[in-house]
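>>> prediction below, plus the sequence it came from.
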Amino acid sequence: MTAVSPATAPSKWSAGLPPEADYCLLQPEDVPMFSENFWFVGYDHDSGVGHYLHLGADPTNFEVWTEQLVVAVGTEQFYFYWGHGGQRTPDRVAGPKMLLHNIEPFRKWHLSYDGSAAPVTLTELKAGPVSKE
């Protein structure tokens, strides 16, 4: 794995890592089945809407990203999307519908998603991988 040495923390979220440690890798590490993953989970108490977003590099082809989205509206409505694709630069990583942009290391990321999602039940989500697109 890439060795990063702790330095003066740019924010309380950095755990002492330098700013470059919060950017997307352009090449995989020299480790079998190496992958890179980003997760974002959020919930808005006022609207009752929550989300789980995952963007991960395929360990067999580092250029391809797998993206997953689950949106919960209240406790009864759930929506799901899963896809493959992608591109990467040091400060951006993207799947076919999702884009993550690192604006300020350890302080500010921008995430956007442009697409639809299929209705899914909580039982289907709990059962394991969902195959709906």
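Done, it's in.

>>> return the list of strands paired to the lowest-mean-pLDDT helix or strand in the chain, each annotated with direction.
Here the helix or strand of the chain ranked lowest by mean pLDDT, DSSP states H and E is strand 87-89, holding a mean of 74. Strand 87-89 sits in its sheet next to strand 92-94 (antiparallel), going by DSSP bridges.

>>> what ranges of the chain fall below the confidence cut-off?
1-12, 131-133 (pLDDT under 70).

>>> quick one: strands adjacent to the strand ranked longest in it?
Scanning the chain for the strand with the most residues, using DSSP state E, yields strand 61-73. Next to strand 61-73 in the sheet, as set by DSSP bridges, lie strand 49-58 (antiparallel), strand 77-85 (antiparallel).

>>> in it, which residues are buried?
Using 16 or more other Cβ atoms under 10 Å as the burial criterion, the residues of strand 61-73 that qualify are 62, 65, 66, 67, 68, 69, 70, 71, 72. (Glycine included, C-beta is placed from N, CA and C.)

>>> over to stretch 75-94?
For stretch 75-94, by 16+ other Cβ under 10 Å, it's 78, 79, 80, 81, 82, 83, 86, 88, 93, 94.

>>> the second one touches residue 124, doesn't it?
Meaning residue 79. No - checked against Cβ atoms under 8 Å, the pair residue 79 and residue 124 is beyond contact range at 11.5 Å.

>>> ok, residue 70 - contacts?
By Cβ atoms under 8 Å, 6 or more residues apart in numbering, the contact list for residue 70 reads 51, 52, 78, 79, 80, 120, 125.

>>> which one of those is nearest to residue 16?
residue 52 (28.1 Å; Cβ to Cβ).

>>> what about the nearest residue to the closest one once chain neighbours are set aside, distance to residue 107?
Once flanking residues are discounted, residue 52 sits nearest to residue 70: 4.4 Å by Cβ to Cβ, 6 or more residues apart in numbering. Distance, residue 70 to residue 107, using Cβ to Cβ, to the nearest Å: 26 Å.
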